[in-house]
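Participant: pasting a predicted model and its sequence here:
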Amino acid sequence: MEQFLGDYTFRTVALGTAILGAISGALGAFAVLRRQSLLGDAVSHAALPGIGLAFIITGSKAPLILMVGAGLAGWLATVVVLVITTTTRIKFDGALGFVLSVFFGIGLVLLTFIQKFPDAGQAGLDSFLFGQAAALVEQDVITIAVLGGLALAVLVLFWKEFKLLSFDPEFANSLVLPVRRLDLGLTTLLVVAIVIGLQTVGVVLMSAMIIAPAAAARQWTDNLGIMVLISMVIGALSGVGGALLSTSMSNLPTGPTIVLCASGVVLVSVIIAPRRGLVWEQIRRTLQARRLRSEAILLDLFELARKHDSYEHPHMEAALKVMHPNASTLRRQLRSLHSKGLISVHSTGGWALTEEGMNTCKGLLDKRVR
Amino acid sequence: MANAIEVRDLTVAYRESPVLWDIDLDVPSGALMAIVGPNGAGKTTLIQAILSLIKPAAGQIRIFGQPYRSVASSVGYVPQRGSVDWDFPTSVLDVVLMGLYGRLGWVRRPGRDQRTEAMAALDQVGMAELAHRQISQLSGGQQQRVFLARALVQDARIYLMDEPLQGVDATTERTIIELLRTLQSLGKTVMVVHHDLQTVSSYFDEVLLLNVRRIASGPVSEVFTEANLRLTYGGRVAIIKGAT
């Protein structure tokens, strides 16, 4: 294993997967915010026939050539989806599902056809289905880095336009920004991000690399720039983690292991992220329920006190018990109110409002009336 | 007085039946005009057509005598607040800054000057303290005021607002009405899609009664009549106080 980590091949693989993870994380953030996550799925599946055709036409397996084929096919698929939704009454999801399966079907047919070629054994295009990180060589990494770097540069250059497009396209349109061209541009960047990951992650699961890092990143921040950065880091780490797992264990396909790593991060983020996480939400609910219960007890004491001359007239716990038959925590709540100085305990063992408690009650009632 | 907006023979159709049919409308410069009509009357569509967000089937629209593209920077837009995802990861100040994107031009990022402008606009709508708040934490009235502030930084000559008073509390409503009056006193032209017939006469000086066709438009005192309202709402309208 140690020998393996210092290995040149492994460093190539790790670098490649880290870069592609970061790029798909960045563009994925925009896709997720624009509710276009599924478009990524359609693009990646639709890329398969492009890969097949590129190989049939050129006979080459050079990464750039296959990526161009994949990109053109993926891009064509998004155009077809767009045409279907604007010219027919078929909705976006229906068009996506249809285009995805038709293109993928054609892709599978082409792959089978290629298998029958004389040197089919060396074709190895079927690794594009589930990805094969071990096959990454320096040339692939350079291609990934250059294409990804370009995509990222365009994203940074038109950052504010893409941000407005994602938040409020109609307003962007009213500022006479070329919304359609921006939309096309951002979608093209997404296609690039998907295409550079296909060889490593595979067409079937590539969309997870678009969605998962972004979904996880959204949990941790409310700032678009920071979200994109976190998403890139998560994408890169999942890429390296998955590649490490799959190359260290023989015959484990890379795509699924990378996606599992990313999904793990999503799971953790959904559970423990501050403010948006489930744990946080549960804590907030519990605290709120506790606060409401103790407010209710305080207001009951207020109600009871109104029947006497003075708010200091004590009432026994039993009297409150009648008003809160289900409150098993009544005594604990009373103690907590006592420690906050809102109620006082009398020698008889009864509870009464303090002046501060009285004022708190008035404030609460005031708020509820409003 | 010159017209800020002139609409001629405007027809908009999404499918078979027209949403707006043969509309002619003059909006005098400096007017504070309410657009009133039942659901589906085409109020939002009219605003979107003026902003050339949708392509009309026929007719033309001139703003200060020119097509929208050449005067876009003189037109401020306040969309319905339900038109965006308020869970988008951004802050109040950021949204207001978006109003300056048109003037900034490509690639340039908003800087200190722009932030100062945006803060001034937020102050005008009473939201300066919430500038750095995440937008998902805003109430409906606050969301509406953010959109107004975003339009204010556009420093436009014409403002088109789609239901800015929809679902806001009484305090916000007062703030917004005061703002509309301020805009008018600065010589701006303001068109507002409005739902509350009771307040038309007290808030606005011009009104457009719309139901696919233009029923009537002009000074509130002249055209906001019971007869015209019946024509607009098809007799389904109860007697309106303030209608003459």
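Facilitator: Everything's here; your move.

Participant: residue numbers of chain A in contact with chain B?
Facilitator: Within chain A, the residues that sit near chain B (CB under 8 Å from any CB of the partner chain) are A:33, A:157-161, A:163-164, A:166-168, A:170-177, A:218, A:221-224, A:227. Glycine gets a C-beta too; all of them are placed from N, C-alpha and C.

Participant: inside helices: which ones of the residues you listed?
Facilitator: A:33, A:157, A:159-161, A:163-164, A:166-167, A:170-174, A:218, A:224, A:227 (DSSP state H).

Participant: PyMOL command to pick out the buried ones of these?
Facilitator: For the buried members of those, the matching PyMOL selection, counting by 16 or more other CB atoms under 10 Å in any protein chain shown, is:
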select buried, chain A and resi 33+160+161+163+164+166+167+171+172+173+174+218+224+227
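
Participant: so the residue of chain B found nearest chain A is in which element?
Facilitator: As assessed by CB to the nearest CB, chain A sits closest to residue B:102 within chain B, at 3.6 Å. Using DSSP states H and E, residue B:102 sits in helix B:101-104.

Participant: flag every residue of chain B that's near chain A.
Facilitator: Residues of chain B lying near chain A (CB under 8 Å from any CB): B:48, B:51, B:53, B:68-69, B:72, B:75, B:77, B:79, B:83-85, B:88-91, B:95, B:98, B:101-102, B:104, B:106-107, B:109-110, B:134, B:136, B:150.

Participant: burial measure for the closest residue to residue A:222 other than its chain neighbours, as a count.
Facilitator: Excluding the flanking residues, the one nearest residue A:222 by CB to CB, 6 or more residues apart in numbering or on different chains is residue B:134, at 4.1 Å. Residue B:134 has 19 neighbouring residues, counting by other CB atoms under 10 Å in any protein chain shown.

Participant: ok, residue B:134 - contacts?
Facilitator: Listed by CB atoms under 8 Å, 6 or more residues apart in numbering or on different chains, the contact partners of residue B:134 are A:222, B:89-91.

Participant: now a ChimeraX select for only the buried ones of these.
Facilitator: To isolate in ChimeraX the members of the contacts of residue B:134 that are buried, counting by 16+ other CB under 10 Å, one can use:
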select /A:222 /B:89,90,91
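
Participant: quick one on the thing from earlier: phi, psi for the residue nearest to residue A:222 please.
Facilitator: Phi and psi for residue B:134, reported as degrees, to the nearest 10, are phi -70, psi 140.

Participant: name whatever forms a beta bridge with it.
Facilitator: Residue B:134 has the following beta-bridge partners by DSSP bridges: residue B:91.

Participant: show me the strands in the chain, by range?
Facilitator: I went with chain A, as the question did not name one. Taking DSSP state E, the strands of chain A run over residues A:343-345, A:351-353.

Participant: you answered for a different chain; I wanted chain B.
Facilitator: B:3-13, B:18-28, B:32-36, B:58-63, B:75-78, B:158-162, B:189-193, B:206-211, B:213-219.

Participant: nearest to residue A:12, out of these?
Facilitator: strand B:75-78 (51.4 Å; CB to CB).

Participant: so what strands line up beside that closest one?
Facilitator: Short version: by DSSP bridges, strand B:75-78 pairs with strand B:158-162 (parallel).

Participant: send the alpha carbons of the helix ranked longest in chain B over as CSV?
Facilitator: With secondary structure taken from DSSP H, chain B has its longest helix at helix B:170-185. This file holds the C-alpha atoms of helix B:170-185, laid out as CSV (Å, rounded to 0.1, in the frame of the first residue of the first chain):
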residue,chain,number,x,y,z
ALA,B,170,-49.9,47.2,7.2
THR,B,171,-46.5,48.8,8.2
THR,B,172,-44.9,47.6,5.0
GLU,B,173,-47.9,48.8,2.9
ARG,B,174,-47.4,52.3,4.4
THR,B,175,-43.7,52.2,3.7
ILE,B,176,-44.3,51.1,0.1
ILE,B,177,-47.0,53.7,-0.6
GLU,B,178,-44.8,56.5,0.8
LEU,B,179,-42.0,55.3,-1.4
LEU,B,180,-44.3,55.3,-4.5
ARG,B,181,-45.3,58.9,-3.6
THR,B,182,-41.6,59.9,-3.2
LEU,B,183,-40.9,58.4,-6.6
GLN,B,184,-43.7,60.3,-8.2
SER,B,185,-42.5,63.6,-6.5
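
Participant: buried stuff in that helix?
Facilitator: B:172-173, B:175-177, B:179-180, B:183-184.

Participant: check what pLDDT residue 71 gets.
Facilitator: No chain specified, so I'll use chain A. Residue A:71 is assigned 93 on the pLDDT scale.

Participant: um, chain B though
Facilitator: pLDDT at residue B:71 comes out at 90.

Participant: please apply the same query to residue B:238.
Facilitator: Value for residue B:238, per-residue pLDDT: 56.

Participant: cool, residue A:145 as well?
Facilitator: Residue A:145 is given a pLDDT of 94.

Participant: okay, now the unreliable bits of the stretch 51-200 of chain A?
Facilitator: A:119-123 (pLDDT under 70).

Participant: give me the nearest residue to the closest residue to chain B within it, chain neighbours excluded.
Facilitator: Relative to chain B, the nearest point of the stretch 51-200 of chain A is residue A:175 (3.6 Å; CB to the nearest CB). Spatial nearest neighbour of residue A:175, chain neighbours left out: residue B:102 (3.6 Å); criterion: CB to CB, 6+ apart.

Participant: residues contacting that neighbour?
Facilitator: Contacts of residue B:102 (CB under 8 Å, 6+ apart): A:175-177, B:72-73, B:154.

Participant: bridged to the residue positioned nearest the centre of chain B, which residues?
Facilitator: Nearest residue to the geometric centre of chain B (CA atoms, centre = their mean): residue B:161, 1.3 Å. Listed by DSSP bridges, the beta-bridge partners for residue B:161 are residue B:78, residue B:192.

Participant: what is the neighbour count of residue 73?
Facilitator: Just so you know, I chose chain A. Residue A:73: 25 neighbours (other CB under 10 Å).

Participant: ah, I was thinking of chain B
Facilitator: The number of residues near residue B:73, taken as other CB under 10 Å, comes to 14.

Participant: and if you look at residue B:200?
Facilitator: 20.

Participant: do residue A:153 as well
Facilitator: 10.
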